[in-house]
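> here is the input, now give the coordinates:
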Amino acid sequence: MQMHFDIVPGSPVPIYRQIVEQLRRQVAGGQCQPGDELPSVRALALQHAINPMTVSKAYSLLEAEGLLERRRGVGMAVAATRHRTDAPTPTQLLRPTLREAAQQARELGLDASTALSLFAQCLQDAMPDERQDPGSPSA
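Now for the predicted structure:
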């Protein structure tokens, strides 16, 4: 499985946190399966022109929480078994972002239907392969 990372150097979120949060979401959402190998520290750092220590820090944090495991001679992989029983669900991971977006919508004076319509459009833009009715249960 080829893992994809969207690293935004100018973001207020530190790069190592971007890597950590994206991997958590990919595992929780099923895009990464147990045993999937991660890009090497060097490869990911070169691909995104970031410091290898930044990637190493992210991988180490995820290894400490049991999401990743180090494989001798191979590198890092998604852990076959989670060492933590409190693994967050996809909805638990998304909720803080949606709360922040809801707060911003309120501050901007947007009504709920406008905000929901905008969110539905953002979902369609992010998932062009899944052309669905925004009101359908799986959207």
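
> going by C-alpha atoms from here, please, whenever you check contacts or count neighbours.
Fine.

> and residue 62, how many neighbours?
20 (other C-alpha atoms under 10 Å).

> how much space separates it from residue 15?
With distances taken as C-alpha to C-alpha, to the nearest Å, residue 62 is found 14 Å from residue 15.

> may I ask which helix or strand of this structure has the lowest mean pLDDT?
Across the helices and strands of the chain, mean pLDDT, DSSP states H and E gives its lowest value to helix 90-107, namely a mean of 85.

> what's that one packed up against?
Under the contact criterion of 3 or more C-alpha pairs under 8 Å, 6 or more residues apart in numbering; DSSP states H and E, helix 90-107 touches helix 15-28.

> now for the helix it packs on, which elements pack on it?
helix 52-64, helix 90-107.

> mean neighbour count, those: which tops it?
helix 52-64 (a mean of 17; mean count of other C-alpha atoms under 10 Å).

> which outside residues touch that helix?
The contact list for helix 52-64 (C-alpha atoms under 8 Å, 6 or more residues apart in numbering) reads 15-17, 19-20, 41-42, 44-45, 68-70, 76.

> and the angle from that helix to helix 15-28?
Angle, helix 52-64 to helix 15-28, by axes from the mean of the first three to the mean of the last three C-alpha atoms, to 10 degrees: 40 degrees.

> residue numbering should commence at 43 henceforth.
Let's use 43 as the start, then, which means that last one is helix 94-106.

> what mean pLDDT would you report for helix 94-106?
Averaging pLDDT along helix 94-106 gives 96.

> what do you get for stretch 58-76?
For stretch 58-76, mean pLDDT rounds to 91.

> may I see the buried residues of that stretch?
Residues of stretch 58-76 classed as buried by neighbour count (16 or more other C-alpha atoms under 10 Å): 58-62, 64-70, 74-76.

> tell me the pLDDT of the residue of the chain positioned farthest from its centre.
Distance to the chain centre peaks in the chain at residue 151, reaching 28.9 Å (criterion: C-alpha atoms, centre = their mean). Predicted confidence (pLDDT) for residue 151: 92.
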